[in-house]
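Undergrad: Sequence first, predicted model second:
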Amino acid sequence: MARKDIKRLVEKLKEQNWRVDDRGEQIVAFSPDGRTIVTFHKSESDHRAMKNTISRLRKGGFDPDA
């Protein structure tokens, strides 16, 4: 994932009241209701990393199109 994509994703998460913790090489996102925790790395090498991360976030109520 590119840094600009990560930055945009974190901004959208914060707009939707997710708590986001930057822990160096990884980011931990906590859903507003506290039921979902998603951890992802800043420098994923897999070409599907962003899609997989968004899929996990959607399960916690994240809307990437909002």
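TA: In hand now; what should we look at?
Undergrad: Tell me if residue 57 really is in a helix.
TA: Yes. Looking at residue 57 with DSSP: H, G, I helix; E, B strand; the rest coil, it is inside a helix.
Undergrad: neighbours of it, just the number please.
TA: Counted by other CB atoms under 10 Å, the residues lying close to residue 57 total 22. C-beta coordinates here come from the backbone N, C-alpha and C atoms, glycine included.
Undergrad: before we move on, what about residue 63?
TA: Per other CB under 10 Å, the neighbour tally for residue 63 reads 10.
Undergrad: pLDDT weak spots in the protein?
TA: Counting by pLDDT under 70, the chain has low-confidence residues at 1.
Undergrad: could you dump the longest helix along it to CSV, C-alpha only?
TA: For the chain, the longest helix by residue count, based on DSSP state H, is helix 3-15. Written as CSV, here are the backbone C-alpha positions of helix 3-15 (Å, rounded to 0.1, in the frame of the first residue of the first chain):
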residue,chain,number,x,y,z
ARG,A,3,1.7,6.0,1.9
LYS,A,4,-0.9,8.3,0.4
ASP,A,5,-3.4,5.5,0.4
ILE,A,6,-2.8,4.8,4.0
LYS,A,7,-3.1,8.5,4.9
ARG,A,8,-6.4,8.8,3.1
LEU,A,9,-7.7,5.6,4.7
VAL,A,10,-6.7,6.9,8.2
GLU,A,11,-8.5,10.2,7.5
LYS,A,12,-11.7,8.4,6.5
LEU,A,13,-11.5,6.2,9.5
LYS,A,14,-11.2,9.2,11.8
GLU,A,15,-14.1,10.9,10.0
